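Student: what's the 3D shape of this:
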Amino acid sequence: MTAAAPNPAHFLSIHYLRAIAAVMVVAVHIFNYGLVAIDDESLVHWLKQGVAIFFVISGFVMVTSTSGRATRPGEFLRKRFIRIAPLYWVLTIAWLAFVPGWDFGHLASSLLFLPSPDPVTGAMRSPLLEPGWSLNFEMFFYFVFAAILLVPEKWRVWVAAVALGLFSLSSHLVDWPPVIAYFASQLLLLFVAGMALARFDLRLPVWVCVAGFAGLATLPQFTDSFAASVFVPTLAIVAGARSMDGYLRKWKLPSLLADASYAIYLSHLFTLQICSIFVAPLLPGPLAFVVVMALACWVGVLVHRRIENPLTAACKKGLNSIAPRQSHSVA
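Tutor: Numbers count the residues shown, from 1 in each chain. From the prediction side, this is the model:
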C-alpha cells in the first residue's frame, strides 16, 4: 500500500514563509510607488525577492502534494487552475478601472498568463495587474510539472532540473521568438530548487535561513550574478526554515497572513493606489509605512475570505460536477 502524501499545510515553515514573502513584496512596492520616500532605493530593492521565495515554495509544494500518489496531469492542472485563475481574473478586470488606455489584446494576454508585445517598442510587457507577471511563470511551471507527472516519481526532480535548466540557459544560445524568450529565464531554476528541497527533504540549520535573508539584502551590492545574489540566498532561506518544522506552533496572525498571502499579493496594489491619495500624504514616513502595510494586509485578508474562498469553492463545485459526467460518458 502506498503511503499517503504529506499535507503541505503541515509544513509550518513553508506556510509562514508565504506570509513573509507577501509582506516583502508589499513593502518594496510601498517604497517603489512613492508612498514612503527613501533616499536610496537599493536598500529595499532586495525585498522584491519575496517572489523568488514564492517560486521555491511552489516547487516544494508541487512535489509534496503529489508525492506517493498517482496524479493525472489533467487533474493536476485543473486543481492549479482553480487555485490561481479565478481570483486573478476578477482582480485583473477590476484593475482596469485604474489603467487608462488599456487594450483588449493586453487584457486577453493577461488573462491567458502570457506576455504581450508593446505596440510601440515591441518588447514583452507585464500583465495589466503587475503582480501577474509571476503567475505567468507559475503557470508555465505547472504545465511543465504536469508533463513530468508522466515520469516515475524518483526521476521527476532530475527531469525537471535538466529540462528547465537547459531551457533557462537556451536564451544565450538560441534566438527564440519573444514569447518563448520571455519564459527562458533563470527564474525557472527556483522551482527546481523547491522540488529538490522536497524530494530530498533537505534541511539546514536555522542560522542559514537568517544568512539567506542577509544575503538577499547585501549581495546585490557586490554582484549582479543571479546564482549568488538570488538563487543561493533564497534556497538557504527555505532550507534553513525547514529545520524549524516540529518546533513551530500555529500562531494566529502568521497563519492568517499565510492563508491570505495570495490575496494580499494580488490585491495590495489596489490598497496602495487608494493610500497614495488618502493616507500616505497625511502621515510621516515611518507611520505611513506601518499604516499602509497594515491596510494592505487587512484588505488582503478580506479579499481572501470574501472573494477568494467563495470563488474557489464555486469553481471547485462547478468543475467537479462536470468531471463525473465526463468519466461516466467515457465508461
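Student: what's the nearest residue to Val232 if we skip its chain neighbours?
Tutor: Leaving out its chain neighbours, the residue that sits closest to Val232 by Cβ to Cβ, 6 or more residues apart in numbering is Gly215, at 6.9 Å. Just so you know, the C-beta spots here come from the backbone N, C-alpha and C atoms, and that holds for glycine as well.
Student: What is the neighbour count of the one you found?
Tutor: Close neighbours of Gly215, defined as other Cβ atoms under 10 Å, add up to 21.
Student: so what secondary structure elements neighbour the helix or strand harbouring it?
Tutor: Here Gly215 is covered by helix 206-218, with elements defined by DSSP states H and E. Judged by 3 or more Cβ pairs under 8 Å, 6 or more residues apart in numbering; DSSP states H and E, the packing partners of helix 206-218 are helix 232-242.
Student: about what we covered before: hang on, the residue nearest to Val232 packs against Ala236?
Tutor: Yes - between Gly215 and Ala236 a contact is recorded at 6.8 Å, counting by Cβ atoms under 8 Å.
Student: and Ile84, helix, strand or coil?
Tutor: helix (DSSP: H, G, I helix; E, B strand; the rest coil).
Student: Is Trp133 in contact with Arg125, as I believe?
Tutor: No - using Cβ under 8 Å, Trp133 makes no contact with Arg125, being 9.3 Å away.
Student: shared neighbours, those two?
Tutor: Pro115 (Cβ atoms under 8 Å, 6 or more residues apart in numbering).
Student: Would you mind pulling the contact partners of stretch 17-30?
Tutor: By Cβ under 8 Å, 6+ apart, the residues outside stretch 17-30 that reach it are 36, 44-45, 47-51, 53-54, 57, 131, 237-238, 241, 254, 257-258, 261-262, 264-265, 268-269, 272, 289, 292-293, 296-297, 300.
Student: switch the cut-off to 7 Å
Tutor: Residues external to stretch 17-30 that are found in contact with it (Cβ atoms under 7 Å, 6 or more residues apart in numbering): 36, 44-45, 47-48, 50-51, 53-54, 57, 238, 241, 254, 257-258, 261, 264-265, 268, 272, 289, 292-293, 296.
Student: now stretch 53-71
Tutor: 2-6, 8, 14, 17-18, 21, 76, 134, 138, 141, 145, 149, 153, 187, 190-195, 197-199, 234-235, 237-238.
Student: Report the buried residues of it.
Tutor: 53-67, 71 (16 or more other Cβ atoms under 10 Å).
Student: before we move on, what about stretch 173-189?
Tutor: Tyr182, Phe183, Ala184, Ser185, Leu187, Leu188, Leu189.
Student: what about that stretch, how long is it end to end?
Tutor: Chord length of stretch 173-189, first to last residue, is 17 Å (Cα to Cα, to the nearest Å).
Student: pLDDT averaged over it, what's the number?
Tutor: Across stretch 173-189, the average pLDDT comes to 94.
Student: in the stretch 201-331 of the chain, which ranges drop under the pLDDT threshold?
Tutor: 322-331 (pLDDT under 70).
Student: what's the next secondary structure element after the helix or strand Ile20 falls within?
Tutor: Assigning secondary structure by DSSP H and E places Ile20 in helix 12-32. Next helix or strand after helix 12-32 toward the C-terminus (DSSP H and E): helix 50-66.
Student: how long is stretch 67-78 from one end to the other?
Tutor: Stretch 67-78: ends 18 Å apart by Cα to Cα.
Student: Now do the strands in the chain.
Tutor: Assigned by DSSP state E, the strands in the chain fall at 116-117, 124-125.
Student: looking at these, which is closest to Asp224?
Tutor: strand 124-125 (20.8 Å; Cβ to Cβ).
Student: starting at the chain centroid, how far to that closest one?
Tutor: Chain-centre distance of strand 124-125: 19 Å, with Cα atoms, centre = their mean, to the nearest Å.
Student: What pairs with it, parallel or antiparallel?
Tutor: strand 116-117 (antiparallel) (DSSP bridges).
Student: Thanks again, I'm all set now.
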